[in-house]
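Asker: model this:
(2 chains)
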Amino acid sequence: MSKTECADVFKREMTEKYFDMVYRLALTRTKDKDMADDVCQDVFLRYIKADKDFDSEQHVKAWLIRVTINCTKSMFTSSWFKKTIPLSDELTFSAPEYSDLYEQVNKLPQKYSTVIHLHYYEDMPITEIATVLGMKESTVKSHLFRGRQELKNLLGGRYDYEF
Amino acid sequence: MNFKDAYKSMTDEIHGDRALLHSILNGEVKKKKHFSFSFKPVYTVALAAMFAVTITSLYFKTGIEEHSSVSERGAGVTDTAQTNLSAEKEDTKDDISAPHSEHTTPKDTYSHSATADISSSDVPQLKTSTTGEALPLDAMDDFSQHVSEDNADSAPEQSDWHSKNSRAIAQSDTAVADESITDMAGIAPASGGVGGGSSAAYSGDSIEQSAYMTIDEYWSYLGINVADSVSIPQDLSLTLPDISQVQLSESDDALTMTAASPDGNRSAKITVAKTSDLVSRFPDETHVKINGINIAISSHNLTQTEISDMLSSLAK
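Answerer: Below you'll find the model as predicted:
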């Protein structure tokens, strides 16, 4: 197998593995299924076309997260997006508790929900989140703190979550 | 319950579109569900506008340069004709397109100020300007060079006006070495605002210079404000040339003012010159020389006494 073929196989594997990760992050940020799909497509097309040597799988993951954030940012800054109201998508979950949680997380401002998602779902440390988002660590910390506080208020003590 | 576990469990139940994944893996691109611009349209419009402005400015810059070159070579004659320096000039404009051979007397040099008067005897190769005057190629090119050099100077002060022209002349290494080029005043710089433009041409040992000057600059050049100094009869009112610029050359620096009564029955023309030989054509009793400035008064309906009184008022 040639080097090019190896690279193609590797890219396919990475695409399949991180497709959901990219989609979830995009959905967290856009709060819209269709827009998340568009972002997904953009991100992986960029990845497939990218003439970049990735050091490791972790490098690919970080790159995908970074590009996902950039894609959603550019989508938000487009004048078209500013004139549109995202449709409220109904996602079905196995438990009503999850539906409620998803709904409350979606009510959070994007800057808080992004940090919460990266920290609690992707298990990224503060330092890494700061690097990926291009923020100061102190900013990430405060976003995480305020996001948690706001989510607690939104949940209103319905669930006894330990943050 | 731990929030982290709950959030992970909840998020794990979210999956992307499998069909989209397969299409990506197969290299297919699905039409986007939400159309969006990759960059702000306003930036595109701004960039397009800047590009258009740049192209337009470049185009018009070229156009102006072309226009200027045409003006330098010929259109200045029209400008000169419009300066309305004096009635005498108007009278002699019928000589504008006449060949030089028809001008034999030195006095004709004055009338040549409205055109480019170049002897063809020593300069065989001629170029026809846009207004029909025949100009020597070398003289024209050299003159254009002087014009461009002088136009770079913006609004020269009166005190160094001649010196600037002299510098331009000194810089010329391809001067027209031909005394037959007697007067370049007719070829005026196309650009240059009030007092802003000047031109010069070297002609053998003599220097021919021309420039646009305001009336005030002209008085400074003479060293005397004749309009203020002259005492005219009560029923006459003095009218300066209705132009803001006076074209001037060393051989043609004459300015004519008109003093006329409201009904027009009585009028006089006051001609002022520093170097022009125009005034010498006037009878002795109608002109006076004060500090090197020749002032002459001509009139068909004023008495000699009135003319003398006006001249004597200037001498005071």
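Asker: Okay, and residue B:23 sits in which element?
Answerer: In this assignment (DSSP states H and E), residue B:23 forms part of helix B:18-25.
Asker: Counting by contacts, list what that helix packs against.
Answerer: helix A:3-30, helix A:33-49 (3 or more Cβ pairs under 8 Å, 6 or more residues apart in numbering or on different chains; DSSP states H and E). Using the backbone N, CA and C atoms, a C-beta is placed for each residue, glycine as well.
Asker: Next, give phi and psi for the closest residue to chain A within chain B.
Answerer: Going by Cβ to the nearest Cβ, chain A is nearest to residue B:16 of chain B, at 3.3 Å. Dihedral pair for residue B:16: phi -80, psi 170, per degrees, to the nearest 10.
Asker: Look at it and say how many residues are nearby.
Answerer: For residue B:16, the neighbour count with other Cβ atoms under 10 Å in any protein chain shown is 21.
Asker: so what's it closest to, chain neighbours aside?
Answerer: residue A:23 (3.3 Å; Cβ to Cβ, 6 or more residues apart in numbering or on different chains).
Asker: show me the contacts for that neighbour.
Answerer: A:36, A:37, A:40, B:14, B:15, B:16, B:17 (Cβ atoms under 8 Å, 6 or more residues apart in numbering or on different chains).
Asker: Could you rerun that using 10 Å?
Answerer: When contacts are counted by Cβ atoms under 10 Å, 6 or more residues apart in numbering or on different chains, residue A:23 touches A:33, A:36-37, A:39-40, A:43, A:68, B:14-17, B:20-21.
Asker: Select only the buried ones of those residues in PyMOL?
Answerer: PyMOL command restricting the contacts of residue A:23 to the buried ones, with burial defined by 16 or more other Cβ atoms under 10 Å in any protein chain shown:
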select buried, (chain A and resi 33+36+37+39+40+43+68) or (chain B and resi 14+16+17+20+21)
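Asker: closest point of chain A to chain B, which residue?
Answerer: residue A:23 (3.3 Å).
Asker: ranges for the helices of the stretch 201-316 of chain B?
Answerer: Remark: helices assigned in the stretch 201-316 of chain B by DSSP state H, counting those that start in this stretch are B:215-222, B:226-229, B:304-315.
Asker: Retrieve the pLDDT associated with residue B:37.
Answerer: With respect to pLDDT, residue B:37 scores 54.
Asker: same check, this time on residue A:145
Answerer: The score at residue A:145 is 94. That number is its pLDDT.
Asker: number of nearby residues for it?
Answerer: 13.
Asker: contacting residues for it?
Answerer: A:112, A:115, A:163.
Asker: Which of those ranks first by neighbour count?
Answerer: Counting by other Cβ under 10 Å, top hit in the contacts of residue A:145: residue A:115 with 27 neighbours.
Asker: how about low-confidence regions in the stretch 51-200 of chain B?
Answerer: For the stretch 51-200 of chain B, the stretches with pLDDT under 70 are B:61-200.
Asker: do you know how far the nearest residue to residue B:268 once chain neighbours are set aside is from residue B:262?
Answerer: Sequence neighbours aside, residue B:299 is the residue nearest to residue B:268 in space, at 3.7 Å (criterion: Cβ to Cβ, 6+ apart). The gap separating residue B:299 from residue B:262 is 16 Å, by Cβ to Cβ, to the nearest Å.
Asker: Also residue B:237?
Answerer: Residue B:237 is 7 Å from residue B:262, by Cβ to Cβ.
Asker: sorry, back to before: from the contacts of residue A:23, pick the one nearest residue A:140.
Answerer: Residue A:140 lies nearest to residue A:68 out of the contacts of residue A:23, by Cβ to Cβ, at 17.0 Å.
Asker: tell me how far the helix or strand where that closest one lies is from the chain's mean position?
Answerer: Using DSSP H and E, residue A:68 maps to helix A:57-77. Per Cα atoms, centre = their mean, to the nearest Å, the displacement of helix A:57-77 from the mean C-alpha position of its chain is 8 Å.
Asker: Show me what that helix is packed up against.
Answerer: helix A:3-30, helix A:33-49, helix A:79-82, helix A:110-116, helix A:126-133 (3 or more Cβ pairs under 10 Å, 6 or more residues apart in numbering or on different chains; DSSP states H and E).
Asker: which ones are touching residue 10?
Answerer: With no chain named, the answer covers chain A. Residue A:10 makes contact with A:54, A:57, A:60, according to Cβ under 10 Å, 6+ apart.
Asker: my bad, the chain I had in mind was chain B
Answerer: A:91, A:93, A:94, A:95, A:97, A:98, A:99, A:100, A:101, A:102, A:105, A:121 are the contacts of residue B:10 under Cβ under 10 Å, 6+ apart.
Asker: pLDDT wise, what is the residue nearest to the second one when sequence neighbours are not counted at?
Answerer: Spelled out, it's residue A:93. Of all residues not flanking residue A:93 in the chain, residue A:99 sits nearest, at 4.7 Å (Cβ to Cβ, 6+ apart). Looking at residue A:99, its pLDDT reads 88.
Asker: got a list of what residue A:99 touches?
Answerer: Per Cβ under 10 Å, 6+ apart, neighbours of residue A:99: A:90, A:91, A:92, A:93, B:10, B:13.
Asker: what about the spatially closest residue to the fifth one that is not a sequence neighbour, helix or strand, and which?
Answerer: Meaning residue B:10. Leaving aside its sequence neighbours, residue B:10 sits nearest to residue A:98 (Cβ to Cβ, 6+ apart; 3.8 Å). Using DSSP H and E, residue A:98 sits in helix A:96-107.
Asker: Who are the contact partners of the spatially most central residue of chain A?
Answerer: Centroid check for chain A by Cα atoms, centre = their mean gives residue A:25 as the closest residue, at 1.7 Å. By Cβ under 10 Å, 6+ apart, the contact set of residue A:25 is A:18, A:36, A:39-40, A:43, A:64-65, A:68-69, A:72, A:114, A:117-118, A:121-122, B:11.
Asker: From residue A:117, how far out is it?
Answerer: Relative to residue A:117, and taking Cβ to Cβ, residue A:25 is found at 6 Å.
Asker: Can you pull the residues that touch both of these two?
Answerer: Counting by Cβ under 10 Å, 6+ apart, the contacts common to residue A:25 and residue A:117 are residue B:11.
Asker: Check the gap between the residue nearest to residue A:93 and residue B:13 for me.
Answerer: Between residue A:99 and residue B:13 the computed distance is 10 Å (Cβ to Cβ).
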